[in-house]
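[1] Structure for the following, please:
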Amino acid sequence: MLVQGLVIGFSIAAPVGPIGVLCIRRSITDGPRIGLLTGLGAACADAVYGAIAAFGLTAVSGLLIKHRFLLGLIGGLFLCYLGIRTFLARPREQCETPPRVGGLMAFGATFALTLTNPMTILSFAAVFAGLGVGAAPNYRAAALLVAGVFVGSALWWLLLSSSVGLLRARITAAWMHWINRGSRAVIFCFGIYALVSAFGTRGG
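    Okay, the predicted model is just below:
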């Protein structure tokens, strides 16, 4: 169960999304430690959703899916806010001295942002079904599965932040300028997509 959870956690964390872009950017601007903490926030949220799926908490998952419009709206607005900050920042701030992010803020922001996407639990359910896991047969097995999900997700964020951190010293101020603009523009687009998806679920 631990190995299966590790595979599930890694496979769900690995696809590049807004958290991945944010992790890459913070690994460059604030160092690999902050980049890792950014990813660990998402890993903990993945573990929460993994626990809901593993323990078979259908009432909780149903409640989250029922309020997916509100959660998606909050998540989309927050992503748009992160993106808009680039265009409001001073040029010097963007390319030379970007504001540093504290570890607690980096962790908490991505933890909350990942939790605002209740469709993640459907991803876990789909992967569980694909691997033939299903809900764990007992609490011990469920705990091992959730632990594996966290370790697998955390492993991905460790690899990503460390790899990007190795390139940090080679990035010039001009590159930093475009990295800031590009990454936050991508995050803004993810925010717009999240908002459109949220209103789409409401209409459905």
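
[2] in the chain, which helix or strand is least confident?
    helix 91-95 (a mean of 42; mean pLDDT, DSSP states H and E).

[3] right, and the helix or strand after it?
    helix 103-115 (DSSP states H and E).

[4] Return the list of helices and strands in contact with that following helix.
    Judged by 3 or more CB pairs under 8 Å, 6 or more residues apart in numbering; DSSP states H and E, helix 103-115 is in contact with helix 18-29, helix 32-54, helix 68-88. Every residue, glycine included, has its C-beta placed from N, CA and C.

[5] now the angle from that helix to helix 18-29?
    Counting by axes from the mean of the first three to the mean of the last three CA atoms, to 10 degrees, helix 103-115 lies at 160 degrees to helix 18-29.

[6] which other residues reach helix 103-115?
    Applying CB atoms under 8 Å, 6 or more residues apart in numbering, the contact partners of helix 103-115 are 18-19, 22-23, 26, 30, 33-34, 37-42, 44-46, 48-49, 71, 75, 78-79, 120.

[7] Of those residues, grab the buried ones for ChimeraX.
    To isolate the buried members of the contacts of helix 103-115 in ChimeraX, using 16 or more other CB atoms under 10 Å:
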select :18,19,22,23,26,30,34,37,38,39,40,41,42,44,45,46,48,49,71,75,78,79,120
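
[8] how close does Leu145 sit to Leu40?
    19 Å (CB to CB, to the nearest Å).

[9] what do you get for Gly200?
    Gly200 is 31 Å from Leu40, by CB to CB.

[10] same deal with Ile34?
    11 Å.

[11] try Leu2
    Separation of Leu2 from Leu40 (CB to CB): 19 Å.

[12] Likewise for Thr29?
    For Thr29 relative to Leu40 (CB to CB), the value is 17 Å.

[13] What is the neighbour count of Val3?
    Residue neighbour count, defined by other CB atoms under 10 Å, stands at 12 for Val3.
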